[in-house]
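Colleague: Sequence first, predicted model second:
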Amino acid sequence: MKNTIFPLAIMLCSILLLGCDSQHRNYKKKLDVALEQVSEPVFNRYEDALFNLDTADFQNGLMKIQQDYLPFLEGDLNNPDAVQYLKDFAIDSLNRSLYRITKSQYPDLQAIKGIIIGVNQHFHYYYPEIDLPETVFTCVSGVNPEMDPVMIINGSLVVSLDWYLNQHEVYDWMGMPRYLSERTSTARLAKDYAQTLYATYIEKPHKQGNLLEEMIYHGKMDFFVEAMTPTLSDPVLLGYTPEQLDWAESNEGDVWADIIGSQQLYTTEFDAYRIFLSDGPFTNEYSHSAPPRLGEFLGLHIIRSYMDLNDTHLQELMQDSDLQGIFLNSGYKPKK
């Protein structure tokens with residue numbers, strides 16, 4: 001009898017483990033949706049138009065292209081200060097270098113088009129009633145930290161290509177912190193575009209809550225991004241290096257236990273927000289190997305667990321403002 005029970009117990013545990021592993025992937029099945037063809041936006045390269053203007057006749061050149069590039073040139077081009085500002089930008093040696101590198105990296109826009117159309121297809125599946133921009137403008141922004149790399153301006157999509165060069169030496173030369181330059185691959189555009197769609201069309205007014213609610217709030221946004229581009233890797237989705245993701249996954253249970261044990265789950269203290277939600281190269285309170293925004297990482301896992309266990313569509317999840325209720329119905333159990 002003893003010899004019979006032991007193998008049976010092993011087999012039962014194996015089934016349970018496989019069942020849990022399979023269940024953990026249920027949310028991925030929900031994101032495998034049937035996509036339809038969508039109309040291809042019209043793409044315009046403002047960087048080509050701007051950096052190839054004759055600087056000796058710059059004002060007239062701007063006026064000739066103004067109507068084609070209104071998201072950038074809707075101001076008064078009879079204003080000498082406005083014209084001089086644009087000319088200074090166009091002749092700046094750093095900006096011209098960025099233009100040359102960008103043009104070399106993206107001689108055509110096929111990769112960019114594929115990403116944008118792919119996100120559009122997924123967005124159309126979930127929100128067919130919302131019309132997305134029909135015109136896309138690319139540009140070189142000078143990697144301006146005050147300007148989002150992807151924006152919707154007056155109904156048009158604007159993409160700053162110089163944010164997606166994936167060349168650390170270029171960004172190091174500009175003084176960009178390495179943890180940010182790690183996030184400049186072409187694939188990152190998919191996340192940034194999806195986040196722009198979320199902020200423009202989906203996000204509802206949000207009042208800052210306790211740490212748990214903020215974790216789930218950020219997790220919901222990440223899950224939306226994942227739904228818009230399901231093949232995006234977790235390091236790109238979370239803005240982590242592969243090594244940082246490994247640390248987060250290996251220490252998920254310890255971080256969660258630390259939050260629970262120190263009674264911070266429902267805190268509204270600034271220090272907790274700083275430790276678990278602020279960006280940076282690492283989370284100093286744990287290790288230089290620990291990634292930033294561990295609260296966001298946990299929030300995404302809570303949302304994934306919730307979508308595993310509940311018959312909830314993406315649109316319903318995005319509309320659900322009961323963040324505490326989402327947690328209670330998530331069945332979230334961190335990896336030990």
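Modeller: That came through, no problem. Numbers count the residues shown, from 1 in each chain.

Colleague: what ranges do the helices span in the stretch 1-150 of the chain?
Modeller: 2-24, 26-31, 46-51, 58-65, 70-73, 80-91, 93-105, 110-126 (DSSP state H, counting those that start in this stretch).

Colleague: Now mean pLDDT too, for those helices, in JSON lines please.
Modeller: Shown next, in JSON lines, are the helices of the stretch 1-150 of the chain (pLDDT from 0 to 100):
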{"stretch": "helix 2-24", "mean pLDDT": "37"}
{"stretch": "helix 26-31", "mean pLDDT": "88"}
{"stretch": "helix 46-51", "mean pLDDT": "98"}
{"stretch": "helix 58-65", "mean pLDDT": "97"}
{"stretch": "helix 70-73", "mean pLDDT": "96"}
{"stretch": "helix 80-91", "mean pLDDT": "97"}
{"stretch": "helix 93-105", "mean pLDDT": "97"}
{"stretch": "helix 110-126", "mean pLDDT": "98"}
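
Colleague: taking those helices together, which one is wrapped up most tightly?
Modeller: Most buried of the helices of the stretch 1-150 of the chain by mean neighbour count (mean count of other CB atoms under 10 Å) is helix 46-51; its value is a mean of 20. No exception for glycine: its C-beta is placed from N, CA and C like everyone else's.

Colleague: May I have that one exported as CSV, CA atoms only?
Modeller: Coordinates of each C-alpha in helix 46-51 appear next as CSV, following Å, rounded to 0.1, in the frame of the first residue of the first chain:
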residue,chain,number,x,y,z
TYR,A,46,9.7,65.8,-40.9
GLU,A,47,13.4,65.2,-40.1
ASP,A,48,14.2,64.9,-43.8
ALA,A,49,12.3,68.0,-44.7
LEU,A,50,13.8,70.1,-41.9
PHE,A,51,17.4,69.1,-42.0
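
Colleague: So for Tyr179, which of the helices of the stretch 1-150 of the chain sits nearest?
Modeller: Taking CB to CB, helix 93-105 is the member of these nearest to Tyr179, at 20.4 Å.

Colleague: which helices and strands sit right next to the closest one?
Modeller: Contact here means 3 or more CB pairs under 8 Å, 6 or more residues apart in numbering; DSSP states H and E; on that basis helix 93-105 packs against helix 46-51.

Colleague: who's in contact with the helix it packs on?
Modeller: 65, 68-69, 71-72, 86, 89-90, 95-96, 99, 102-103, 137-140, 161 (CB atoms under 8 Å, 6 or more residues apart in numbering).

Colleague: that older thread, relative to Asp234, which of the helices of the stretch 1-150 of the chain is closest?
Modeller: Proximity to Asp234, assessed across the helices of the stretch 1-150 of the chain by CB to CB, is greatest for helix 26-31 (11.9 Å).

Colleague: got a list of what the closest residue in space to Lys28 that isn't next to it in sequence touches?
Modeller: In this structure, Lys28 finds its nearest non-sequential neighbour in Pro230, 7.2 Å apart by CB to CB, 6 or more residues apart in numbering. The neighbours of Pro230, taking CB under 8 Å, 6+ apart as the test, are Lys28, Leu31, Asp32, His122.

Colleague: With Tyr266 instead?
Modeller: With contact taken as CB under 8 Å, 6+ apart, Tyr266 is in contact with Asn210, Leu211, Leu212.

Colleague: which parts of stretch 221-240 are buried?
Modeller: Neighbour-count burial for stretch 221-240, counted by 16 or more other CB atoms under 10 Å, picks out 221-229, 232, 235-240.

Colleague: try stretch 249-268
Modeller: Buried residues in stretch 249-268, defined by neighbour count with 16+ other CB under 10 Å: Asn251, Glu252, Val255, Trp256, Asp258, Ile259, Gln264, Leu265, Thr267.

Colleague: With stretch 327-336 instead?
Modeller: Using 16+ other CB under 10 Å as the test for burial, stretch 327-336 gives Phe327, Ser330, Tyr332, Pro334.

Colleague: Met307 contacts Asn26, doesn't it?
Modeller: Yes: look at Met307 against Asn26 with CB atoms under 8 Å: they come within range, at 7.3 Å.

Colleague: In the sheet, which strands lie alongside the helix or strand where Ile152 lies, parallel or antiparallel?
Modeller: In the assignment (DSSP states H and E), Ile152 maps to strand 150-153. According to DSSP bridges, strand 150-153 has the following sheet partners: strand 156-160 (antiparallel).

Colleague: roughly how far is the strand it pairs with from the heart of the chain?
Modeller: Remark: strand 156-160 is offset 15 Å from the chain centroid, using CA atoms, centre = their mean, to the nearest Å.

Colleague: got it, and stretch 273-292?
Modeller: Counting by CA atoms, centre = their mean, stretch 273-292 comes out at 18 Å from the chain centroid.

Colleague: Of the buried residues of stretch 221-240, which belong to strands?
Modeller: Among the buried residues of stretch 221-240, no residue falls in strands (DSSP state E).

Colleague: Nearest to Arg45 among the contacts of Tyr266?
Modeller: Using CB to CB, Leu211 comes nearest to Arg45 of those, at 43.9 Å.

Colleague: Now do the closest one against Phe276, distance only.
Modeller: 6 Å (CB to CB, to the nearest Å).
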